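Participant: Here is my input; please provide its structure:
(chains A and B)
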Amino acid sequence: GAGVSQTPSNKVTEKGKYVELRCDPISGHTALYWYRQSLGQGPEFLIYFQGTGAADDSGLPNDRFFAVRPEGSVSTLKIQRTERGDSAVYLCASSLAGGRTDTQYFGPGTRLTVL
Amino acid sequence: AQSVTQPDIHITVSEGASLELRCNYSYGATPYLFWYVQSPGQGLQLLLKYFSGDTLVQGIKGFEAEFKRSQSSFNLRKPSVHWSDAAEYFCAVGRNAGNMLTFGGGTRLMVKP
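Facilitator: Numbering: from 1, shown residues only, chains lettered A, B, ... in the order given. A predicted model of the protein is given here:
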């Protein structure tokens, strides 16, 4: 079956611009996560959705970052007024129900470069 | 707050040699622990996970890991490394509700022929 997909695979933008990153989770998975992986580091948690609602957004670095999941499937991570420090690989993962024993399946990521 | 430390940033082993990647965690309750592998251009893939029970867990691709509560460690092992194992390996701990993962900084494994 299809895994987690993310589009675009690469995004280059200029400082100050707005970007949207999309994640298509595995069909039927109610839990969806966004992580950010900076060069040479492990992924860092950003936000967790259970269904349509953001159950935990404690990892979002500031109010320039926002994410939605309006129909409980596809999610979009939105970054306003991008800064060079936002350059990273943004990873999306989904799991069946968000339980502690559920495996999180990761997408290939979107590499964001802010010039 | 939980944290994960992977003391070795890079490790080089010869093909056919044994491998051990170290992972130390800090977590206030019973930890749920994971090892993921990330190959160039590919997403993170789960190797194995520990929740409870037998402290030696088996995973895919011939990997195993041992949970040692007294040492707060969850080291990954493989008896004989293959060239295709060259990748970056991440240890992670899951939080209680929602299972958001806290990752270590990763260990890059290189395999010499």
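Participant: alpha carbons only for contacts and neighbour counts from here, please
Facilitator: Noted.
Participant: OK, contacts around the most centrally placed residue in chain A?
Facilitator: Compute the mean C-alpha point of chain A, and by CA atoms, centre = their mean the closest residue is A:W34, 3.2 Å away. When contacts are counted by CA atoms under 8 Å, 6 or more residues apart in numbering or on different chains, A:W34 touches A:45-48, A:90-93.
Participant: That one bridge partners, please.
Facilitator: A:I47, A:C92 (DSSP bridges).
Participant: Test my guess that A:F65 contacts A:Q80.
Facilitator: Yes. The pair A:F65 and A:Q80 passes the contact test of CA atoms under 8 Å, sitting 6.6 Å apart.
Participant: can you list the residues that contact the lowest-mean-pLDDT helix or strand in chain A?
Facilitator: When the helices and strands of chain A are scored by mean pLDDT, DSSP states H and E, strand A:53-56 comes last with a mean of 92. If you take CA under 8 Å, 6+ apart as the criterion, strand A:53-56 is touched by A:47-49, A:68-69, A:72, B:98.
Participant: which parts of that strand are buried?
Facilitator: Buried residues in strand A:53-56, counted by 16 or more other CA atoms under 10 Å in any protein chain shown: A:54, A:56.
Participant: Quick one: list the elements packing against the helix or strand just after that strand.
Facilitator: The first helix or strand that comes after strand A:53-56 along the chain, using DSSP states H and E, is strand A:65-68. Applying 3 or more CA pairs under 8 Å, 6 or more residues apart in numbering or on different chains; DSSP states H and E, we find strand A:65-68 packed against strand A:75-79.
Participant: rewinding a little: more neighbours: which of A:F65 and A:Q80?
Facilitator: Between A:F65 and A:Q80, counting by other CA atoms under 10 Å in any protein chain shown, A:F65 is the more crowded of the two (19 against 15).
Participant: now the more buried one, nearest residue through space, not along the chain?
Facilitator: Closest residue to A:F65 apart from its sequence neighbours, by CA to CA, 6 or more residues apart in numbering or on different chains: A:I79 at 4.7 Å.
Participant: shaky segments in the chain?
Facilitator: Because you didn't say which chain, this covers chain A. Chain A contains residues with pLDDT under 70 at A:1.
Participant: if you could check chain B rather than the one you did, that'd help
Facilitator: For chain B (pLDDT under 70), the answer is B:97.
Participant: Nearest the middle, which residue of it would you pick?
Facilitator: Per CA atoms, centre = their mean, the C-alpha nearest to the average position across chain B is that of B:W35, at 3.6 Å.
Participant: check contacts around that residue.
Facilitator: Taking CA under 8 Å, 6+ apart, one finds B:46-49, B:76, B:89-92 in contact with B:W35.
Participant: okay if I get the contacts of A:W34 as CSV plus neighbour count?
Facilitator: Below are those laid out as CSV (neighbours: other CA atoms under 10 Å in any protein chain shown):
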residue, neighbour count
A:F45, 22
A:L46, 23
A:I47, 24
A:Y48, 26
A:Y90, 26
A:L91, 27
A:C92, 33
A:A93, 28
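Participant: Between all of those, which two are at the greatest distance?
Facilitator: By the measure CA to CA, A:Y48 and A:Y90 form the most distant pair in the contacts of A:W34, at 13.7 Å.
Participant: what's the neighbour count on A:V19?
Facilitator: Using other CA under 10 Å, A:V19 has 18 neighbouring residues.
Participant: ok, now how distant is the closest residue in space to A:L96 that isn't next to it in sequence from chain B?
Facilitator: Setting aside the residues directly before and after it, A:L96 is nearest to A:H29 in space (CA to CA, 6+ apart), at 4.2 Å. For A:H29, the distance to chain B (CA to the nearest CA, to the nearest Å) stands at 13 Å.
Participant: No more questions from me, cheers.
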